[in-house]
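Colleague: Could you look at this predicted model? Sequence included:
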Amino acid sequence: MKVRFENVSMKYDGNDRTILDDMSFDIQDHSLVSILGPSGCGKSTTLMLISGLLMPTDGKIFFGDTDVTKKDANARKVGMVFQNYALYPHLSVIDNIMFPLKMAGVNKKKRKERALELAELVQISEHLNKKPGQLSGGQQQRVAIARALSKEPSILLMDEPLSNLDAKLRKGMREEIRRIQKETGVTTVFVTHDQEEALSISDKVMVLNEGLIQQHSGPQALYDRPDNIFVAQFLGSPEISTFDFDDLKAGFDSSLRDRLQSKDVKLIGIRPESFTQVYGESGLITGVVDRIEIVGKERTVRLKLDNEQIVDITDVDINFTEGDKVSFTTNFDAMHFFDGYGNRVVIKDAE
C-alpha cells in the first residue's frame, strides 16, 4: 500500500508548538522506509498519523488513492509493533498471535492456520506453547511482529522496536525484520533514532528535525550527498568535521577558491575516513595528535588544530604518536560544500 502525506501539519491542543510542519512525502508500495531523527523531531507523531491513532491539524493522508485522513486505526487496517512489544502475559505465543483474528471473528481453524504460518515466518514455531515471560527479548519481538501481521495489514508500523535489545541481538533482529518484510511484501514504516539500523535495512530513509523533513532518499545518498549540514552531521560516526571556508581556502588553488566563493560556500565538511596523511606541513589541515583510539580493527586519530578545533580521522596508518604534529589532506570529491544557511552547494570538479 502506498502512503501519501499532502501538506500535513500537527499541533497538540493547548500547545502552540508545531510538531510537524507542512509535511509532504510518498512511501512506495512494498517498500521499507525508516523515519530517522533525534528525540522530539516528530518521528513517532508521524507514525501515529499514519496509523490513525492521531488526526492531523491540517493536510491530508492517502493510502493508495483513498483519503484516510478522518479514518481511525481499525478502518486503515494497519499493524503496529511497539518498543515494549505489548504481548498479553497470560496468553501463550500462539494465542497472542491469534488474538487479533479472534477479535475479528475469524473461526478457530483459520486463525490457528494463520498463526502457524506466521510462527514459521518469524521462526518462533518451537515456542508456541510458552508464555511471553519465558521468552527472550528477541523472541518476544518475533511474536509481536507475527501478531501485527496476523490480520494481513496494508501497512506495518514499527516504533523503536529494537531499542530494548542488546547490540548483538539488535543487529540480528533488524536483519530478520528486513527478511520478513521482503517475504511478505508489506509496506513497512520503521521509526528509529539509530542511524545504523535505518541505513542498513531501508529502501529509503526520511530524516526529520524539528518537525521538518531534512532529506528523504536512499540510505547511501544520505551519507554521500547530504542535502544540508544537519543531515551531514547527524549521519556518520565519528561525526563529519566542518570547517569555515576562510580557514581552508589557503590550501586551494586560485581557480577552485574563486569557484567556491562565486557559489557563496561558507562551510566545508570532510568525513573522518576521507583524510590522507601528507608529510611536512603542506596538507589541508595540520595539528597535534591529541589522542589515538584503537578499538578492535577501528583506528581513530583525534587531531587538535591551532585554532583548538578537534578533528576525528579514521582509516589511516598510525605511524605517529600522541603529541606529534601531522598534516592531512583530502580529495575534492570527498568534500561537502554548504552555504551560509547550511544547505548543500553542488560544485562540479569540471567547472
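Modeller: Thanks, I have it. Residues are numbered from 1 along each chain as shown.
Colleague: Using neighbour counts, pick out the buried residues of stretch 180-190.
Modeller: Across stretch 180-190, burial judged by 16 or more other C-beta atoms under 10 Å covers 180-181, 184, 186-190. In this view, the C-beta of every residue, glycine as well, is placed from N, C-alpha and C.
Colleague: cool, and stretch 54-65?
Modeller: Across stretch 54-65, burial judged by 16+ other C-beta under 10 Å covers 54, 56, 59, 61-63.
Colleague: Mind putting those residues into JSON lines with secondary structure, pLDDT and distance to residue 225?
Modeller: JSON lines is the format used below for those (DSSP: H, G, I helix; E, B strand; the rest coil; pLDDT from 0 to 100; distance: C-beta to C-beta, whole Å):
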{"residue": "54", "secondary structure": "coil", "pLDDT": "92", "distance to residue 225": "33"}
{"residue": "56", "secondary structure": "coil", "pLDDT": "93", "distance to residue 225": "30"}
{"residue": "59", "secondary structure": "strand", "pLDDT": "96", "distance to residue 225": "28"}
{"residue": "61", "secondary structure": "strand", "pLDDT": "97", "distance to residue 225": "29"}
{"residue": "62", "secondary structure": "strand", "pLDDT": "96", "distance to residue 225": "29"}
{"residue": "63", "secondary structure": "strand", "pLDDT": "95", "distance to residue 225": "30"}
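Colleague: nearest to residue 150, of those residues?
Modeller: Closest approach between the buried residues of stretch 54-65 and residue 150, by C-beta to C-beta: residue 63, at 19.4 Å.
Colleague: my read: that closest one touches residue 5, true?
Modeller: No. With contact defined as C-beta atoms under 8 Å, residue 63 does not reach residue 5; the gap is 11.0 Å.
Colleague: returning to that earlier point: just the ones in strands from the buried residues of stretch 180-190, please.
Modeller: 187-190 (DSSP state E).
Colleague: May I see those residues arranged in TSV, with pLDDT as well?
Modeller: Listed next are those as TSV, based on pLDDT from 0 to 100:
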residue	pLDDT
187	95
188	95
189	95
190	93
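Colleague: Looking at the residues you listed, which is nearest residue 84?
Modeller: Distances from residue 84 to those, taken by C-beta to C-beta, are shortest for residue 190, at 16.3 Å.
Colleague: Dig out what the closest one forms beta bridges with.
Modeller: Bridge pairing for residue 190 (DSSP bridges) gives the partners residue 34, residue 158.
Colleague: wait, isn't it in contact with residue 177?
Modeller: Yes. Assessed by C-beta under 8 Å, residue 190 is found in contact with residue 177 at 7.2 Å.
Colleague: Show me which residues of the helix ranked longest in the chain are buried.
Modeller: If you go by DSSP state H, the chain has its longest helix at helix 167-184. Applying a neighbour-count criterion of 16+ other C-beta under 10 Å, one finds 169-170, 173-174, 176-178, 180-181, 184 buried in helix 167-184.
Colleague: Could you do stretch 76-93 as well?
Modeller: Buried-residue list, stretch 76-93, by 16+ other C-beta under 10 Å: 76-81, 83, 85, 87, 92-93.
Colleague: start to end distance for that stretch?
Modeller: Start-to-end span of stretch 76-93 (C-alpha to C-alpha, to the nearest Å) is 26 Å.
Colleague: what separates it from the chain centre, distance-wise?
Modeller: 23 Å (C-alpha atoms, centre = their mean, to the nearest Å).
Colleague: can you check stretch 184-194 too?
Modeller: Chain-centre distance of stretch 184-194: 10 Å, with C-alpha atoms, centre = their mean.
Colleague: again, but for stretch 147-167
Modeller: 15 Å.
Colleague: Go ahead and produce PDB holding the CA coordinates of stretch 226-233.
Modeller: Extracted in PDB, the C-alpha atoms of stretch 226-233 (Å, rounded to 0.1, in the frame of the first residue of the first chain):
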ATOM      1  CA  PRO A 226      23.500  15.200   2.400                       C
ATOM      2  CA  ASP A 227      21.100  18.000   1.500                       C
ATOM      3  CA  ASN A 228      22.200  20.100   4.400                       C
ATOM      4  CA  ILE A 229      24.600  20.400   7.300                       C
ATOM      5  CA  PHE A 230      22.100  18.800   9.800                       C
ATOM      6  CA  VAL A 231      21.900  15.600   7.700                       C
ATOM      7  CA  ALA A 232      25.700  15.600   7.200                       C
ATOM      8  CA  GLN A 233      26.400  15.900  10.900                       C
END
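Colleague: what's it in contact with?
Modeller: Where contact means C-beta atoms under 8 Å, 6 or more residues apart in numbering, the residues beyond stretch 226-233 that reach it are 207, 209, 214-215, 222, 235, 239-240, 242, 267, 269, 336, 338, 342-344.
Colleague: Narrow those to just the buried residues.
Modeller: Burial by neighbour count, 16+ other C-beta under 10 Å: within the contacts of stretch 226-233 this picks out 207, 209, 214-215, 222, 235, 240, 242, 267, 269, 336, 338, 342, 344.
Colleague: Make TSV from those residues and add pLDDT to it.
Modeller: What follows is these, written out as TSV (pLDDT from 0 to 100):
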residue	pLDDT
207	96
209	94
214	97
215	96
222	94
235	94
240	96
242	95
267	96
269	96
336	95
338	97
342	95
344	96
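Colleague: Next, format the residues you listed as a markdown table and append distance to residue 30 and secondary structure.
Modeller: Putting these into a markdown table (distance: C-beta to C-beta, whole Å; DSSP: H, G, I helix; E, B strand; the rest coil) gives the following:
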| residue | distance to residue 30 | secondary structure |
| --- | --- | --- |
| 207 | 22 | strand |
| 209 | 28 | strand |
| 214 | 25 | strand |
| 215 | 22 | strand |
| 222 | 21 | helix |
| 235 | 25 | coil |
| 240 | 33 | coil |
| 242 | 38 | strand |
| 267 | 38 | strand |
| 269 | 34 | strand |
| 336 | 32 | strand |
| 338 | 35 | strand |
| 342 | 34 | coil |
| 344 | 30 | strand |
